[in-house]
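Visitor: Give me a model of this one.
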Amino acid sequence: MLVLVIISALLAYGFTFLNGMNDAANCIATAITTKALSPKGALAWTAFWQFSAAFIFPMTVAGTMGKGIIDTSVISPLVIFCALMGAVIWIYVCTHLGLPISASHALIGGLVGPVFFGFGWSHVISSGFWTIVLFILVAPLLGILMGFIFNCLILFLFKKSNRRKAENGFRRAQLVTSAAFSLGFGGNDGQKTIGVVAILLYSFAATNPDHWLTTIINPATVAGESSASGLFVPYWLLFSSYAVIVLGTVIGGRRVIKTLGEGISKVTPPQGFCSELSGALTLIITALFGIPVSTTHTITGAIIGTGLTRGVGSVRWATAKNIIGAWVLTIPATIVVSGLLYLFCNLFVH
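Guide: Sure thing, here's the model as predicted:
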């Protein structure tokens, strides 16, 4: 069982890395497209602010992921292994295809799959699960609404301004909004696997209290922090998880950056500013309330919202349709993949 715990923990870090790769575009695509930042500069900028979130946000999202979706009484290293494996398979496929899907929802579907297939729906925390499903709709709608409103306001306030000077000003302002969005990304996505790894280690420690691994995660022996939900997070887990997601971001997903930056709607500096501001506000608020939302959904909705100020025809709906299709499929697909994987592995692991 110890081997499975170690493999699952390494798989969790692999998932975190892929999350950073797939979602790198969310933080910097518009800033690169509007030439507010160079690709290398944007990567360094977002990496700094993503990691800074570890020092700013409480572990509310980690608490939701650890205790708010599935019943902790049925959690085992095998459940976590299959959850992560199902999520990683889905993320890898979508990243390879250049689809900016939600790594968050892949992980959530991955968690629900083994529990649903192995123990029944009664062990899924319905309130937590359906709140997250609701925000699949709410997050992009908020992005669309705020992106549209902010961009209309900007167009009104700067309608008599020199266009070149205004655009240069908004490029500089994007330094602030991209930093805020990166902070929100770190406070949300940066915590998701932290909660999963924490419950993985606790599930092992509960049945092996005398094992050396237990001393690494025991709150009485290791300095760390607890969230509002009571989930204890050792500092080594906190900082190592943030380091890995930042590494994934730095390496980046170039195909996804191109899709978000150019594939949905042509983005001007004012639109880049408005979309990043809309996304940042949504991410920061939901992170503080412990709601694991999708940064991909949020920023995509915001880009669509700013594009709508130029008319419905300015949005490339074919691209948007493909992205939305990936959104809709993510949770059901990962539930099935991870659930079937659990049934198969359970035949050999006891």
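
Visitor: Output the below-cut-off pLDDT ranges for the stretch 51-200 of the chain.
Guide: Residues of the stretch 51-200 of the chain meeting the criterion pLDDT under 70: 95, 98-101.

Visitor: just the helices in it please.
Guide: Taking DSSP state H, counting those that start in this stretch as the test, the helices found in the stretch 51-200 of the chain are 60-67, 77-96, 103-119, 126-157, 163-207.

Visitor: would a markdown table of these with distance to Met1 be doable?
Guide: All C-beta spots, glycine's among them, are computed from the backbone N, C-alpha and C. Shown next, in a markdown table, are those (distance: least, C-beta to C-beta, whole Å):
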| stretch | distance to Met1 |
| --- | --- |
| helix 60-67 | 20 |
| helix 77-96 | 6 |
| helix 103-119 | 16 |
| helix 126-157 | 27 |
| helix 163-207 | 7 |
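
Visitor: The ones you listed: which one's closest to Val293?
Guide: Taking C-beta to C-beta, helix 126-157 is the member of the helices of the stretch 51-200 of the chain nearest to Val293, at 4.5 Å.

Visitor: Please identify the buried residues of the closest one?
Guide: Within helix 126-157, the residues scored as buried using 16 or more other C-beta atoms under 10 Å are 128-129, 131-132, 135-136, 138-140, 142-144, 146-148, 150-151, 154.

Visitor: how far away is Pro332 from Leu84?
Guide: Noted for Pro332: a distance of 18 Å to Leu84, by C-beta to C-beta, to the nearest Å.

Visitor: The two - which one has more neighbours?
Guide: Each of Pro332 and Leu84 has its neighbours counted (other C-beta atoms under 10 Å); Leu84 has more, 29 against 12.

Visitor: you'd agree the more buried one is up against Ile7?
Guide: No. Assessed by C-beta atoms under 8 Å, Leu84 is found out of contact with Ile7, at 9.4 Å.

Visitor: How about residues contacting stretch 128-136?
Guide: Identification of contacts with stretch 128-136 by C-beta atoms under 8 Å, 6 or more residues apart in numbering yields 64, 68-69, 102, 105, 108, 112, 286, 291-294, 297, 327, 331.

Visitor: Swap in 7 Å and give it another go.
Guide: Contact partners of stretch 128-136, identified using C-beta atoms under 7 Å, 6 or more residues apart in numbering, comprise Thr64, Gly68, Ile69, His105, Ile108, Val112, Ile291, Pro292, Val293, His297, Trp327, Ile331.

Visitor: cool, stretch 82-91 as well?
Guide: 8, 11-12, 14-15, 18, 22, 103, 106-107, 110-111, 113-114, 330, 333-334, 337-338, 341-342, 345.

Visitor: Let's see that with 6 Å instead.
Guide: The contact list for stretch 82-91, computed with C-beta atoms under 6 Å, 6 or more residues apart in numbering, reads 11-12, 15, 18, 22, 103, 106-107, 110-111, 113-114, 333-334, 337-338, 341-342.

Visitor: ok, back up a step: with distance to Leu308 added, can I get the contacts of stretch 128-136 in TSV?
Guide: Formatted as TSV, the contacts of stretch 128-136 follow (distance: C-beta to C-beta, whole Å):
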residue	distance to Leu308
Thr64	32
Gly68	34
Ile69	34
His105	25
Ile108	29
Val112	34
Ile291	25
Pro292	27
Val293	21
His297	17
Trp327	19
Ile331	27
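
Visitor: biggest separation within the residues you listed, which pair?
Guide: Gly68 and Trp327 (21.1 Å).

Visitor: how close does the residue nearest to Ser275 when sequence neighbours are not counted get to Ala179?
Guide: Once flanking residues are discounted, Ser275 sits nearest to Ala302: 3.8 Å by C-beta to C-beta, 6 or more residues apart in numbering. Going from Ala302 to Ala179 by C-beta to C-beta gives 16 Å.

Visitor: of the two, who's got more company?
Guide: Between Ala302 and Ala179, Ala302 has the larger neighbour count (other C-beta under 10 Å), namely 34 against 20.

Visitor: Give me the mean pLDDT for the host helix or strand of the more buried one.
Guide: Using DSSP states H and E, Ala302 sits in helix 295-307. Mean per-residue pLDDT for helix 295-307: 79.

Visitor: going forward, begin numbering at 301 instead of 1
Guide: Okay, residue one is now 301; in that scheme the one you just asked about reads as helix 595-607.

Visitor: Packing partners of that helix?
Guide: Under the contact criterion of 3 or more C-beta pairs under 6 Å, 6 or more residues apart in numbering; DSSP states H and E, helix 595-607 touches helix 302-333, helix 426-457, helix 569-588.

Visitor: Run the angle between it and helix 403-419 for me.
Guide: For helix 595-607 against helix 403-419, the angle by axes from the mean of the first three to the mean of the last three C-alpha atoms, to 10 degrees is 140 degrees.

Visitor: tell me the angle helix 595-607 makes with helix 463-507.
Guide: Relative orientation of helix 595-607 versus helix 463-507 (the same axes, to 10 degrees): 160 degrees.
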